[in-house]
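Participant: next input, structure requested:
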Amino acid sequence: MSNIYGITLRTEGKIYYFNGEELELENGKYAVVETEKGIQLGKIAYKADNAKVNIPVEDMKKVLRVSTDEDYDTYLKNLADSEKCLVKARKIAKELELKMNILDASYTLDRKQLLFNFIADERVDFRELAKKLAGLYKTRIELRQIGARDKARTICGIGPCGRTLCCSTFLNHIDSVTMNMAKNQNIALNPSKINGLCGRLLCCLTYEDEEYARCQEGLPSVGQTVKVENSKGRVVSVDILNRKYKVDVDGVIKEIELGCGKCNK
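Facilitator: This next block holds a predicted model:
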């Protein structure tokens, strides 16, 4: 059975799983890993429990080797050089009058590729920019336009909960987030309440959506007319997770409790 390791590739601490095969690696040490963007240096966060990782081992990228002092020195040099590349790329883009905002630059460990992430309101013809950068740095250039969520993930920050953004720490995949999720959870549809730093709907709306949908079964909506004993009343509030609702019956507020039902409580 292969050893699986949780490894961080950047300072924000997001963890990716890698197939370490028979390598025995210590937490906190560095390793050279294969990624979709090329060879990179990563820091070992922990050795994972194979049974708890829901990614097939054959789909994981591999840990190539334990890093050396030379690898780490190269990594630090790449970080410093990539900052200089970012400044230069922004200058050239401005000279070419390209309407784009280049966010960051990064070398692969072997310097075979230099990647730039940028945002723009429209599609950008960056072929001339890529040509100039390739001639300047003598390596393969990749310019990647990213969206608002990817921008937040790249830049990182603190969310309204007071913690580091989920997309920058542990979310490897961002599910589709819809306005109905906020409605189902009785959250005020105020952009300041339901939007994240990226300006899009909060990713965490998906975390409890399934549970809210389960607990909501059989509950009436606020404003709905329902029958209470031998009278009729209007629903004035609903407590979804506790499966309770209050009804105004001729000026008297009555609380109705449905019990757990299909809700996992």
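Participant: name the residue most distant from the centre of the protein?
Facilitator: Asn230 (51.3 Å; CA atoms, centre = their mean).
Participant: what's the spacing between that residue and Val249?
Facilitator: Asn230 sits 10 Å away from Val249, going by CB to CB, to the nearest Å. C-beta: built from backbone N, CA, C; applies to glycine.
Participant: got the phi and psi for the residue farthest from the centre of the chain?
Facilitator: Dihedral pair for Asn230: phi -100, psi 10, per degrees, to the nearest 10.
Participant: with Gly233 instead?
Facilitator: Dihedral pair for Gly233: phi -150, psi 170, per degrees, to the nearest 10.
Participant: residues in contact with it?
Facilitator: Applying CB atoms under 8 Å, 6 or more residues apart in numbering to Gly233 gives the contacts Thr225, Val226, Val247, Asp248, Val249, Asp250, Lys254.
Participant: quick one: average confidence on the helix or strand hosting the second one?
Facilitator: Pointing back at Val226 there. In the assignment (DSSP states H and E), Val226 maps to strand 225-228. Averaging pLDDT along strand 225-228 yields 89.
Participant: so what does it touch, helix or strand wise?
Facilitator: Under the contact definition 3 or more CB pairs under 8 Å, 6 or more residues apart in numbering; DSSP states H and E, strand 225-228 sits against strand 231-239, strand 244-249.
Participant: repeat the analysis, applying 6 Å as the threshold.
Facilitator: strand 231-239 (3 or more CB pairs under 6 Å, 6 or more residues apart in numbering; DSSP states H and E).
Participant: contacts only, for the spatially closest residue to Lys99 that is not a sequence neighbour.
Facilitator: The shortest distance from Lys99 to any non-neighbouring residue, by CB to CB, 6 or more residues apart in numbering, is to Ala120 (6.0 Å). Contacts for Ala120 (CB atoms under 6 Å, 6 or more residues apart in numbering) come out as Lys99, Met100, Gln145.
Participant: helices of the stretch 51-200 of the chain, start to end?
Facilitator: Ranges of helices in the stretch 51-200 of the chain, per DSSP state H, counting those that start in this stretch, are 69-95, 127-137, 148-155, 166-169, 179-184, 191-194.
Participant: okay, domains of this protein per the record?
Facilitator: As recorded under automatic domain parsing, the domains making up the chain are 3-67, 73-146, 162-207, 219-257.
Participant: so which of those is nearest Arg153?
Facilitator: Arg153 lies closest, by CB to CB, to one member of these: domain 162-207, at 4.1 Å.
Participant: where does pLDDT dip in the stretch 151-265 of the chain?
Facilitator: Within the stretch 151-265 of the chain, the stretches with pLDDT under 70 are 172-173, 260-265.
Participant: apply 80 and report the result again.
Facilitator: For the stretch 151-265 of the chain, the stretches flagged by pLDDT under 80 are 151, 153-155, 170-175, 259-265.
Participant: the strand holding Val226 pairs with which strands?
Facilitator: Strand 225-228 has its sheet partners listed here by DSSP bridges as strand 231-239 (antiparallel).
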